[in-house]
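K.L.:
Next input, structure requested:
(4 chains)
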Amino acid sequence: MNFRKPTGGAIDRNTVLRFTFNGQLLTGHPGDTLASALLANGVHEVGSSVKLGRPRGIVAAGSEDPTSLVQIETPYSEPMLLATTVELFDGLEARGLAGQGRLSPEPDPARYDAKHEHCDVLVVGAGPAGLVAALTAARSGARVVLVDEQNQAGGALLGVDEYLDDRPSAEWVADIVAELKTTPGVLVLERTTAFGMYQDGFVLALQKRTDHLGFAAPASVARQRVWRIRTKQTVLATGAHERPVVFANNDRPGIMLASSARTFLHRYGVLPGSRAVVFTTNDSAYCAAIDLAESGVDIPLIVDARPEAPARLATECAARGIEVRAGHVVTGTEGSSRVTDVHVAPLGDGHPDTVVCDTLLVSGGWNPVVSLFSQARGKLRYDSSLGAFVPGEELASVRVAGSATGELDLNACARQGRDAGAAAVVAAGFTPGGQVPLPVSDSRCTQRTGLVLWRVPGDEDASFVDLQRDATVTDVLRATGAGLRSLEHIKRYTTIGTAHDQGKTSGMIAAGIVAEALGVELADQRPTTFRPPYTSVSFAALAGRDRGELHDPVRVTAIHRWHVAHGALFENVAQWKRPWYYPRDGEDLHAAVLRECRATRESVGMMDGSTLGKIDVQGRDAGKFLDMLYTNMMSTLKVGRIRYGVMCGVDGMVIDDGTVIRVGEERFLVTTTTGNAAKILDWMEEWLQTEWPHLDVHCTSVTEHWATIPLVGPKSRDVLAAVAPSLDVSNEAFEFMTWHDTRVAGVPARVCRISFSGELAYEINVTAWHGLAVWEALMEAGSPYGITPYGTETMHVLRAEKGYPIIGQETDATVTPQDLGMSWAVSKKKPDFIGKRSFSRAENLRTDRKQLVGLLPVDPNVLLPEGSQIVETDRLPEPPVRMLGHVTSSYPSAALGRTFALALVRSGHERVGETLYVPVEDALVPVTVTESVLYDKEGARRDG
Amino acid sequence: MQLIPCPWCGPREEAEFHYGGQAHVAYPEDPSALSDEEWAQYVFFRENPSGPFAERWSHSAGCRRWFNAVRDTRTHDLIAVYRAGEPMPEVIS
Amino acid sequence: MTVSPLFAWTDRLAALPVNASERPFLSQLTVRASDPAAIAAMGAVLGVGFPAVPCTFTAGSGEFGDVEVLWLGPDEFLVVAAPDLQIPIEEALRGALGSARGSVVDTSAQRTTVVLEGPHVRDVLAHGCSVDLHPSAAPAGTCVQTLLARTGVILLVTGADSVTLLVRSSVAEYLAAWLSDACVEYQT
Amino acid sequence: MSSPPGAHLPEHPDFLWENPEPKASYDVVVVGGGGHGLATAYYLAKVHGITNVAVLEKGWLAGGNMARNTTIIRSNYLWDESSGIYEHSLKLWEGLEEDLGYPILFDQRGVLNLAHSLQDVRDSVRRVNANRLNGIDAEWVDPAGVKEICPIVNISQDVRYPVLGATYQPRAGIAKHDYVAWGYARAAHAMGVDLIQNCEVTGLETSGGRITAVETSRGRIAAGKVALCAAGHSSVLAKMVGLRLPLASHPLQALVSELLEPVHPTVVMSNAVHVYVSQAHKGELVMGAGIDSYNGYGQRGSFHIIEQQMSAALELFPIFARAHLLRTWAGIVDVSPDASPIVGLTPVGGLYLNCGWGTGGFKATPGVGHCFAHTIANDKPHPFNEPFTLERFTTGALVDEHGAAAVAH
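P.N.:
Now for the predicted structure:
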């Protein structure tokens, strides 16, 4: 059956769109929503309720609808959308839901993005108040953004056929929009819902940019965009939602809000049914009844709960053959998948009468939309004449205009819009421009106050307060009977207001019923908190384009391309990609690392160390400053020399380590670990700026200025000599822990003789632009020696064989330098340095602290898993088992010809020589505790 | 998201800033002279008021300057910002 | 042989509707100083006064050719000049700084430079930059350090439709990838 | 159409509690009617027979962090001290439904803590091994194992931070927070505890170094002992007796989606990318993020935290792309320097402290309620909360769950 009028509505009847709903092939037109198209086809039952499985229809025409949940299946599956907000497109497939949607396992092909926008005045809502506010602001020259959730401006005007200033309201709207769109500095965003209002004028809005295009949506266009709007002033012209009245069996399809039926009529040319009863507590539903009657709908009866019907409207109804029964209410309905009968009785007590119909239109008054105002921390006030919470205070940068204030007269709403727009631009520092004339409406409905009626007594088990959650009056009364008083408790007890609609139509009614049940004034009740988002927002929209390779920046060195080309596997270290190892054909990690280690210890290897943090420290007090930051003495370091240093936090725990190079009398270059580069620079700045501004020191990051290449192994000297002919590489001329500026492979370089492996080694630093060329030159110069590039894993093995800790692997913020066996790096001479005072706390003085040691499995072929715990006994007692520490690092060693590990062990330094046990799966592996240095203890290899 | 007025760069989004906790907690003149209790107060204990709070921020993604702010922790509204070394404005009643 | 961070992106950047191009190997020196006389002296040797207003840059020409001086902080500046001048400029600046408190550091390879031009520049950047780039808020001469998407940048407004970005070398490719993605809708 | 599975929760009972006027005096006044306060009152009455107890709540019962958390329950903490009290708690969870006679929907669906870097892997294995020796169920699973437990996790190694494995605690899970709180409240009330709402504590009265009463918005209430269970507001209360705490109160945000058919059978946490997510009983996805950086009592956080969380979540769970954010909110978490709680005696006689739980308080509810009640009743810590003294910040004997790369929440 066709419920589409032959004319009227903002739809294109010349174009037919085909769509499928619950498997049924149907048609509609451009301009339709899925809901209007369904109603045009006579389909009211959309889904079923979540708990009771009762049929659910379409209650409202917009985003406040509590029931019309659908799953869209084309062009990509999306759950839990409202049929009332899905714009129809050709080929749409959808099905009704029972309160639960389904996530598609297929990857979402759509693009998403975000955009920042700044303005002087943001207007939310393009109804009469918002339009006038926006135009008033625009005429002042301010930067204005107007957002509206509909696909066209007009707001409530879209749902009526009123004339403004003697012409169709659409023309009035179009004129304003046209002026706005041609005014410089004005941005009008349709299909854009302001969903969150945060501090300092930060408003988030979701724009649906291509959903309405269906299959024709261009793949290159972001489907949805999150607008991050920072505004000086905001005008909230968010309108009002009509609310129903609760009565028995008020949930059947065909029962609809009166104004929504009117919207379906005027905006989409759709009739809600053939024969409609109207139940109201106020005037507005009369207009719906008259409009529908004039469109051919049989309106047998208007049930008006007020003791007296409005005389003029009642006369108009009588002229159209519509009976009006004042002082009556709807007490119940019949029907299964659609309402078939309505029971009507006098309010209070009386014998019910039954009226046959296929539609019941309900109006219980209006709830101003105050969600964003409340999110902006505006206080709400209960307006007893409206039966609703309204904005209860003025905010400095947020103004409310139109029916969002509770005002329902169009001219008055527009006036509020104009006043709010003018006040906003003045507050933003502008002078209002030409005054926008206020429209005069020909609307019939001028009486504004109605009767506040939350529910009609009746079968409480079937009187639904939240249609989506199947929560009834019985549930509310059970909650109050259980002792609950707070609306928040009752919301949780009954689940009212927790569904997709967040209680837009049900919340106020629930509060009213609770107040009645408890015998308290609503004015004394705190409404439940409005939380973002106002309407739901897809996760993908919020993630925007920060996905895949753009999820988090990848940092690469100047030599990265070479590593990729040479088959390196990479390790993520903070945001950096570092070569982990370079497997050759058929090699696994262990095989590759054994090869890389052997080559390095026996001949020469090199790695890309560019990711190390590097900080230039300059100034007269640079030495003094570093003395405070490092546990050891740096001010005594001589120019030309290098010292290893450890840094602690104020709590005395190790936070970083690295080398310190004295470049000049007043200049140092310090290195940090890869992951801590930014943190340590920040740490330095924090101390300098907030504690020691008197110190003459400046710190500058040069991490990426330099490419850093450790060249390691007994043949490193030969390789270096080949590429640095002007450098005397002899042990005498170039001592350990010194540096020289020279040229390497023809480019300026700083070469440091430091070693993290115990081998003869040089660290070559060149400007990053030269990094790749120098790397390749070293590869070439080293080829006679079989030079081998190695990655972080080999670096870890080489340093572990020497007992050098890795910050973050051997340490975990509970480890002191002393625990690491580095008392030698803790100055006894300095009166103070950061962390020193903490070393003398009781806990630090314990002799049974966990200390860094080496572990040698008794069976030299057993590799201990890193992270293994260590116990004292060769049999495990019942849990909890006393643990002595854990394995921090563990490797097979080519140099040692066996496996080994480093570990933090309670009283470890005293336990050297002891046998301890490491539970590995079901076995206990015996290990011997050793000093942490396992290879070349005498340091013979350092000088080559 | 808060809009934080960096005393140098002007208002910027909170995401550009690093939070530094309570302001005006000076590093002790001579830590070695402190008792363990006094030292612990410096290391671990900070004011945590519900209301105006003098605190430190660093404009880490901008000019990298540390500065101080008085912010109401109930509303998160910034009451005042002032540069490091400047005295706290008299906004805490 | 030198390789710039975005050398592999030249063609892709050029094809973007923001006509992006890397200006590699520029001489860049980070200057820390607060003594007005020293700052004036350094400006004098470059032929361009240091910016006195936060979040701006100055440009001029002198002994070292065209030079820009960027305000990075109340006592921090970045001097940008043509390639291969970092050593003489560093010497000149050190000389001008004299015994005043401060520092001069060659940071030429720390960042690379990307120039964007055309009518879409502000729109594209607004997808990832929270700073108001409207001409009234960010006129030519503006220099802000901020976040672009998930990385830090120095952003210079150089003209009506032109912006220069300085980005840390290690994340330059991320920036290029992000720009490419943000430009998709503006591609004609 | 029939009702979808799980969409229907068990009904609450017809009677929960009365709303009495406060009496002039109680043996014990518990300040804070959240999960911890209610559980403490319950165990005071049940285990120690102390029933002349009032729980004072400035708002509505369990309306603070209890109403705002993501309900993850687990005990797989690194340090012995932590695993002791959390495992004690988990064991109580396992019998709690029966104990309270309330359907708390405790669902031991397991928790995966993902590792995304080689150091994550080492730390995770370390924690698993420590857990096992402490008698806690824990296993290390490789990416394929992660996929088996939770098929929707993206274990592709091509992503920015690939999943390298996870720790898995099968006995971990979730519960329904309101049901838990109301279960405790109802049972405590039934044993004679007064639950007093809309009653804000404005002062603590002491005499001779001993607590004597609390001043409230509803008048003075004399108290033999006072137990603070005020989470984010602990610093404010402690300051009333001049006690400084090493706490910072931060916003912690969480969010929920609409109801969805079951896709997520377990709980997944990823510290490295700051996401934790489960699918609650009715089908909604419940997610939490990292804390907001600044101190705040405003019960709201900053939206960029939510956006970052979403991009991280979609890297791990591409299937969530078109789930919808329905509601966001924030609690106030009191974070201590070592991310471990402070539970025990104070320098003021008769005043007891339970705070600093940060993001981990919900899972501890039964355990700390039980131990704190013991501490109050005996004026002496229970062995499980003995390590969590205020003095540890002076001696340095921290229980550093934060620094030790263990997992928060």
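K.L.:
Distance from the chain centre to the helix or strand hosting A:Leu778, please.
P.N.:
Using DSSP states H and E, the element containing A:Leu778 is helix A:768-782. Relative to the chain's own centre, helix A:768-782 is displaced by 43 Å; criterion: C-alpha atoms, centre = their mean, to the nearest Å.
K.L.:
Ok, stretch D:314-332 next?
P.N.:
Here stretch D:314-332 is found 21 Å from its chain centre; the criterion is C-alpha atoms, centre = their mean.
K.L.:
Report the mean confidence score over it.
P.N.:
Stretch D:314-332 carries an average pLDDT of 96.
K.L.:
anything in it sitting right up against chain A?
P.N.:
Yes - residues of stretch D:314-332 are located near chain A by C-beta under 8 Å from any C-beta of the partner chain, namely D:314-315, D:318-329. In this view, the C-beta of every residue, glycine as well, is placed from N, C-alpha and C.
K.L.:
Compute the first-to-last residue distance for that stretch.
P.N.:
26 Å (C-alpha to C-alpha, to the nearest Å).
K.L.:
what's around A:Arg641, how many residues?
P.N.:
A:Arg641: 17 surrounding residues under other C-beta atoms under 10 Å in any protein chain shown.
K.L.:
in chain A, which ranges drop under the pLDDT threshold?
P.N.:
By pLDDT under 70, the weakly predicted segments of chain A are A:446-448.
K.L.:
Helix or strand for the spatially most central residue of it, just tell me which one.
P.N.:
For chain A, A:Leu542 is the residue whose C-alpha lies nearest the centre (C-alpha atoms, centre = their mean; 5.6 Å). Element membership of A:Leu542 [criterion: DSSP H and E] is helix A:539-543.
K.L.:
swap in A:Asp627?
P.N.:
Assigning secondary structure by DSSP H and E places A:Asp627 in helix A:622-629.
K.L.:
Just list what the following helix or strand past that helix packs against, helices and strands only.
P.N.:
Toward the C-terminal end, the helix or strand that comes next after helix A:622-629 (DSSP H and E) is strand A:642-648. Judged by 3 or more C-beta pairs under 8 Å, 6 or more residues apart in numbering or on different chains; DSSP states H and E, strand A:642-648 is in contact with strand A:654-664.
K.L.:
Show residues contacting the following helix or strand past the strand it packs on.
P.N.:
Note on strand A:654-664: by DSSP H and E, the next helix or strand toward the C-terminus is strand A:667-672. The contact list for strand A:667-672, computed with C-beta atoms under 8 Å, 6 or more residues apart in numbering or on different chains, reads A:612-618, A:622-623, A:626, A:634, A:637, A:645, A:656, A:658-663, A:679-681, A:702.
K.L.:
in the helix or strand that comes right after strand A:667-672, what's buried?
P.N.:
Sequence-wise, the next helix or strand beyond strand A:667-672 is helix A:677-686, with elements assigned using DSSP H and E. Of the residues in helix A:677-686, those scored as buried under the neighbour-count criterion (16 or more other C-beta atoms under 10 Å in any protein chain shown) are A:677-678, A:680-685.
K.L.:
closest to chain D among the residues you listed?
P.N.:
Set against chain D, the nearest of those by C-beta to the nearest C-beta is A:Asp682 (13.4 Å).
K.L.:
quick one on the thing from earlier: mind giving me CSV with the buried residues of helix A:677-686 and columns for distance to chain B?
P.N.:
Below are those laid out as CSV (distance: C-beta to the nearest C-beta, whole Å):
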residue, distance to chain B
A:Ala677, 14
A:Ala678, 9
A:Ile680, 14
A:Leu681, 9
A:Asp682, 7
A:Trp683, 11
A:Met684, 11
A:Glu685, 6
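K.L.:
Enumerate residues external to the helix or strand of chain D with the lowest mean pLDDT that contact any of its residues.
P.N.:
The element with the least model confidence among the helices and strands of chain D, by mean pLDDT, DSSP states H and E, is strand D:284-291, at a mean of 91. Residues lying outside strand D:284-291 but in contact with it, judged by C-beta under 8 Å, 6+ apart, are D:69-71, D:250-260, D:264, D:274-280, D:305-306, D:308-309, D:313, D:320, D:323, D:326, D:333, D:335, D:358-359, D:409.
K.L.:
For it, buried residues please.
P.N.:
Within strand D:284-291, judged by 16+ other C-beta under 10 Å, the buried ones are D:284-291.
K.L.:
Now do D:Val333 against chain C, distance only.
P.N.:
When distance is defined by C-beta to the nearest C-beta, to the nearest Å, D:Val333 is 26 Å away from chain C.
K.L.:
Just confirm that residue is within a strand.
P.N.:
Yes - secondary structure of D:Val333 (DSSP: H, G, I helix; E, B strand; the rest coil): part of a strand.
K.L.:
how about it, what does it touch?
P.N.:
D:Val333 sits next to D:65, D:231-232, D:249-252, D:291, D:357-359, D:361 when contact means C-beta under 8 Å, 6+ apart.
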